[in-house]
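Engineer: The following block contains a protein sequence and its predicted model.
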Amino acid sequence: MKTPPAHTWDDNAVLSVEHLTMRFGGLVAVNDLSFNVGRGDITALIGPNGAGKTTVFNCVTGFYKPTEGRIVMRHGTGLQSEKIEALTRTGRQFNDDGDDRVFLLERMPDFEISKRAKVARTFQNIRLFGGMTALENLLVAQHNPLMLASSMTIGGILNLPSYRKARAEAIDFAAYWLEKTGLIHRADDPAADLPYGDQRRLEIARAMCTRPQLLCLDEPAAGLNPRESTELNQLLQYIRKDHGTSILLIEHDMGVVMEISDHVVVLDYGEKISDGDPDHVKNDPKVISAYLGVDEDEVAEVEEALDMPVIHGKTDPAENGEGGRS
């Protein structure tokens, strides 16, 4: 694999996945994978169906404990190598002293990754609380600070001033994200009653209410029409530019990936086959070969027969059954 020149994601990484391997019995779902997510970047993790993308997400967010490898989350931009090595030697999970905090996610339970390391995620299948209103869904995401403000419920029961202040701030923050996602007029509607595209945006708003430093999105454009995909692109660009939140996403819609991504990592059968900016990746013969499901030396012939440059186009062929794997 041709190595692209160093980019910002190598020089200023918020997340580093280092030699990640995940085995399920005799099945190697991810094999010796390494990549960085740059601070303030949008990084796309793509590949044919079954390539191991969601397994990587599950390792980063603590749903799986990897068989091998290290996953480092960094807060701040100072030199942190000594802190990371100290954690590795001592077996500790994190060092949250000062501004330049570091976390070894492979050692942390999922709830601590969300709470301390500030990593939030959405899912391919929407997981809202359907019986709660849109506003209530966003308040649930602020459960931890509200519990602290209530002194673990007693302050809430007695409606103490400190709790009232924290609750008002939580409602204001929820209203802010409802406004930014175009859902303020549906604040009191049950989440299950919202149209599909609105539910997608509400799930992103709920994740942002945890104030993440890294937002992991699993196929956020799945099922969206072109107008909704455009709105999603604008929302993600806003989150990145105005809030400085780094984004790691899995996506099959190549229009979304190539339009908004700073950095693209491509997996095939659990191994990295390309890593670089969108122009580098979309012209990589190994990537085109993986998506078409043919040998590299057959790529030009098949593209000509299909009359479409597959990775340059709007849609991942694996999504439409035109190639790739099931």
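Structural biologist: All right, it came through fine.
Engineer: For the helix of greatest length in the chain, list every residue counted as buried.
Structural biologist: Longest helix of the chain, by residue count under DSSP state H: helix 161-180. Residues of helix 161-180 classed as buried by neighbour count (16 or more other CB atoms under 10 Å): 163, 166-167, 170, 173-174, 177-178, 180. To be clear about C-beta, it is placed using only N, CA and C from the backbone, and glycine gets the same treatment.
Engineer: Report the mean confidence score over it.
Structural biologist: The pLDDT scores in helix 161-180 average 93.
Engineer: and the helix or strand that it is followed by, what other elements does it pack with?
Structural biologist: With elements assigned by DSSP states H and E, the helix or strand that comes after helix 161-180 is helix 196-208. Using 3 or more CB pairs under 8 Å, 6 or more residues apart in numbering; DSSP states H and E, the elements in contact with helix 196-208 are strand 119-121, helix 134-140, helix 161-180, strand 214-218, helix 226-243.
Engineer: quick one: Ile260 and Asn233 touch, right?
Structural biologist: Yes: in terms of CB atoms under 8 Å, Ile260 counts as a neighbour of Asn233; the distance is 5.2 Å.
Engineer: that older thread, now the helices and strands packed on helix 196-208 in TSV, with distance to Arg89?
Structural biologist: Listed next are those as TSV, based on distance: least, CB to CB, whole Å:
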stretch	distance to Arg89
strand 119-121	24
helix 134-140	38
helix 161-180	39
strand 214-218	25
helix 226-243	35
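Engineer: picking that back up, ok, the buried residues of helix 161-180 vs Thr21, which is closest?
Structural biologist: Trp177 (36.6 Å; CB to CB).
Engineer: Does that closest one touch Ala207 like I think?
Structural biologist: No: Trp177 is beyond contact range of Ala207, at 9.4 Å (criterion: CB under 8 Å).
Engineer: What residues of stretch 257-267 count as buried?
Structural biologist: With the criterion 16+ other CB under 10 Å, stretch 257-267 contains buried residues 257-258, 260-267.
Engineer: what helix or strand is Tyr265 on?
Structural biologist: Slight slip there: residue 265 is Val, not Tyr. Assigned by DSSP H and E, Val265 falls in strand 263-268.
Engineer: what pairs with that strand, and is each one parallel or antiparallel?
Structural biologist: Within its sheet, and counting by DSSP bridges, strand 263-268 is paired with strand 42-46 (parallel), strand 271-276 (antiparallel).
Engineer: which residues of the stretch 101-250 of the chain score low on pLDDT?
Structural biologist: For the stretch 101-250 of the chain, no stretch has pLDDT under 70.
Engineer: burial measure for the closest residue to Glu228 other than its chain neighbours, as a count.
Structural biologist: Of all residues not flanking Glu228 in the chain, Gly197 sits nearest, at 4.1 Å (CB to CB, 6 or more residues apart in numbering). Residue neighbour count, defined by other CB atoms under 10 Å, stands at 18 for Gly197.
Engineer: Next: the one 4 residues further on.
Structural biologist: Using other CB under 10 Å, Arg201 is surrounded by 24 other residues.
Engineer: Could you pull up the residues touching it?
Structural biologist: 181-183, 231-232, 235 (CB atoms under 8 Å, 6 or more residues apart in numbering).
Engineer: Quick check: the gap between it and Lys53.
Structural biologist: Arg201 is 22 Å from Lys53, where distance means CB to CB, to the nearest Å.
Engineer: With Asp41 as the reference, name the closest of the helices and strands packed on helix 196-208.
Structural biologist: Among the helices and strands packed on helix 196-208, helix 226-243 comes nearest to Asp41, with 7.5 Å by CB to CB.
Engineer: tell me the angle of that closest one relative to strand 42-46?
Structural biologist: 130 degrees (axes from the mean of the first three to the mean of the last three CA atoms, to 10 degrees).
Engineer: what's in contact with helix 226-243?
Structural biologist: Contacts of helix 226-243 (CB under 8 Å, 6+ apart): 40-42, 180-182, 197, 200-201, 204, 208, 215, 217, 220-221, 224, 245-247, 249, 253, 255-256, 259-260.
Engineer: Go ahead and build a PyMOL selection from the buried members of the residues you listed.
Structural biologist: Buried subset of these, written as a PyMOL selection, criterion 16+ other CB under 10 Å:
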select buried, resi 40+41+42+180+181+197+200+201+204+208+215+217+220+221+224+245+246+247+249+253+255+256+260
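Engineer: Right, I'll call it a day here.
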